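Undergrad: I'd like to go over a predicted model; first the sequence, then the structure.
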Amino acid sequence: MSATLGRPRSGRSTWRNWAGTVTSTPRREARPASAEELAEAVRRAAEDGLRVKTVGAGHSFTSIAATDGLLIRPDLLTGIRRIDRSAMTVTVESGTPLKRLNEALAREGLSLTNMGDIMEQTVAGATSTGTHGTGRDSASIAAQIKGLELVTADGSLLRCSETENPEVFAAARIGLGALGVVTAITFAVEPVFLLTAREEPMPFDRVLADFDALHAENEHFEFYWFPHTGNCNTKRNNRSAGPAAPPGAFSGWIEDELLSNGVFQVACSVGRAVPAAIPAIARVSSRALSARMYTDIPYKVFTSPRRVRFVEMEYALPREAAVAALRELRAMVERSPLRISFPVEVRTAPADDIALSTASGRETAYVAVHMYRGTPYRAYFTAVERIMTAHGGRPHWGKIHTREAGYLAEVYPRFGEFTALRDRLDPERLFHNAYLRRVLGD
């Protein structure tokens, strides 16, 4: 067996995440091409006393995938295993990028029901950290999982679903990499459909006054508030009978590439060099995007290119707390010397039944704050985190936060259920690292 196909490769190469906030220098790396090769690599690591982590596309801002032991790269675990049209499911290898899955499903006339706003992550990385979009009735990507296959600490292959190992299924859909290495995921799918997106500027005060109505009236509602201004950009996505009417090639490039990426990149760079200019830049940026409507298949509406690099914190709040928290956030920014060049993103999700989902057991609103990469962010994130935790907020597992196991056990009613399962599946903590020690305990 070649080193590339599965046998761990010795060496001390350094891995970096997308944002450049985390580096990891594993003792060995493996690129398994099958679940069997992956299981062999896990068994060998355990024999050699090495801890094991898997890294996807590196879009987590935390060190959730960092290790000094064996780093598994799932580059070769890609592709669709099977499509079951009677059950309306697709089973896909864990290292498959969401982009490739979405494109392949579209060719088959199928679609996921909901998704996040980027699709560069691997399916296992996205689901294991709780990636989500926005939805009144449809939940995160992990909530669309119908079955999982993972290699556990003893090197065995474990399958779980609502009927097979259901106690594992209840937790492993968002497993943080703490229960084993996911090798394949079965998602629910549906016939491909059309969404009409309505993007429209709206004043901050009006969005907050109408927040409950906007959420209730739209299948998918989200908005962006530009700090130092009273301006927001809203987006409402609803199913449509058609016909498809995608953005024109030129107008789409103007909105999605030139303004949202190219010009915004320049604005952020200027703001980093001259922070005093940020409020004026924000006023211009918040008015740059105009109202528009278009209709297309789901992944082309839900997702957008994100080329400007940043760091991010996101908290999940009880939905009824969102308006108060956002007012507190705006007041904090206005009275502070902080200069914030990135908009604040607000989305929603229905309650789900996954043990460590940020929406577990409660209707949820998400508040995400960002800073341009290379800009000092700790003062801003600390102030935001103080507001979010006062409302019982749950931090996104893949985004920057400072919470520890004691706090998380208070805001997750099923926290003990998850840690008890980890004790059973990984008693020797083969899949442990410093991040998991902080958020889950020893």
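TA: Received it, and whenever you're ready, just let me know what you need. Numbers count the residues shown, from 1 in each chain.

Undergrad: grab the nearest non-local neighbour of Thr129.
TA: Of all residues not flanking Thr129 in the chain, Gly398 sits nearest, at 3.6 Å (Cβ to Cβ, 6 or more residues apart in numbering). (Each C-beta comes from the backbone N, C-alpha and C, glycine too.)

Undergrad: now do the SS call for that neighbour.
TA: Going by DSSP: H, G, I helix; E, B strand; the rest coil, the secondary structure assigned to Gly398 is coil.

Undergrad: how near is it to Ala276?
TA: As judged by Cβ to Cβ, to the nearest Å, Gly398 and Ala276 stand 33 Å apart.

Undergrad: ok, these two, which is more surrounded?
TA: When Gly398 and Ala276 are compared for neighbours, Gly398 comes out ahead with 24 against 8, by other Cβ atoms under 10 Å.

Undergrad: Asp423: how many residues sit nearby?
TA: When counting by other Cβ under 10 Å, one arrives at 10 neighbours for Asp423.

Undergrad: can you tell me the helix or strand for it?
TA: In this assignment (DSSP states H and E), Asp423 forms part of helix 415-425.

Undergrad: and that helix, average pLDDT?
TA: Per-residue pLDDT over helix 415-425 has a mean of 98.

Undergrad: mind listing what's buried in that helix?
TA: 415, 418-419, 421-422, 425 (16 or more other Cβ atoms under 10 Å).

Undergrad: cool, stretch 327-342 as well?
TA: 328-330, 332-333, 338-342.

Undergrad: possible to save the residues you listed as CSV with secondary structure, distance to Phe264 and pLDDT?
TA: Output for the buried residues of stretch 327-342, formatted as CSV (DSSP: H, G, I helix; E, B strand; the rest coil; distance: Cβ to Cβ, whole Å; pLDDT from 0 to 100):
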residue, secondary structure, distance to Phe264, pLDDT
Glu328, helix, 26, 98
Leu329, helix, 21, 98
Arg330, helix, 21, 98
Met332, helix, 24, 98
Val333, helix, 19, 97
Leu338, coil, 19, 96
Arg339, coil, 16, 96
Ile340, coil, 14, 95
Ser341, coil, 9, 91
Phe342, coil, 9, 91
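
Undergrad: make CSV from the residues you listed and add distance to Leu98 to it.
TA: Shown next, in CSV, are the buried residues of stretch 327-342 (distance: Cβ to Cβ, whole Å):
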residue, distance to Leu98
Glu328, 34
Leu329, 30
Arg330, 33
Met332, 34
Val333, 33
Leu338, 33
Arg339, 33
Ile340, 29
Ser341, 27
Phe342, 23
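
Undergrad: show me which of the residues you listed is closest to Phe193.
TA: Distance to Phe193, by Cβ to Cβ, is smallest for Phe342 among the buried residues of stretch 327-342, at 31.8 Å.

Undergrad: list the contacts of that closest one.
TA: Going by Cβ atoms under 8 Å, 6 or more residues apart in numbering, Phe342 touches 268, 310, 369-372.

Undergrad: of the residues you listed, which is the nearest to Arg239?
TA: Nearest member of the contacts of Phe342 to Arg239, counting by Cβ to Cβ, is His370, at 29.4 Å.

Undergrad: assign a three-state SS to that closest one, would you?
TA: Strictly by three-state DSSP, His370 counts as strand.

Undergrad: do you know how far it is from His401?
TA: For His370, the distance to His401 equals 14 Å [Cβ to Cβ].

Undergrad: who touches both of the two?
TA: The contact sets of His370 and His401 overlap at Met313 (Cβ under 8 Å, 6+ apart).

Undergrad: could you list the low-confidence segments of this structure?
TA: By pLDDT under 70, the weakly predicted segments of the chain are 1-12, 249-261.

Undergrad: middle-most residue in it, spatially?
TA: Nearest to the mean C-alpha position of the chain, by Cα atoms, centre = their mean, lies Thr131 at 2.8 Å.

Undergrad: that's a helix at that residue, yeah?
TA: No - Thr131: not assigned to a helix; according to three-state DSSP it is coil.

Undergrad: list the residues that contact it.
TA: 116, 121, 140-142, 398.

Undergrad: quick one, helices of the stretch 51-200 of the chain?
TA: Ranges of helices within the stretch 51-200 of the chain are 98-107, 123-128, 166-172, based on DSSP state H, counting those that start in this stretch.

Undergrad: for Lys53, the count of nearby residues, please.
TA: Lys53: 25 surrounding residues under other Cβ under 10 Å.

Undergrad: which ones are touching it?
TA: Contacts of Lys53 by Cβ under 8 Å, 6+ apart are 24, 26, 65-67, 69-72, 177, 431, 433.

Undergrad: which of those sits closest to Arg394?
TA: The shortest approach to Arg394 among those belongs to Gly177, at 18.0 Å (Cβ to Cβ).

Undergrad: quick one: the helices in the stretch 251-400 of the chain?
TA: Using DSSP H, counting those that start in this stretch, helices in the stretch 251-400 of the chain cover 264-273, 278-285, 298-302, 322-335, 378-390.

Undergrad: quick one: the strands in the stretch 51-200 of the chain?
TA: 52-54, 70-72, 80-84, 89-93, 110-111, 145-151, 157-161, 181-188, 190-191, 194-203 (DSSP state E, counting those that start in this stretch).

Undergrad: Ala45 reaches Arg28, doesn't it?
TA: Yes - with contact defined as Cβ atoms under 8 Å, Ala45 and Arg28 form a contacting pair (7.4 Å).
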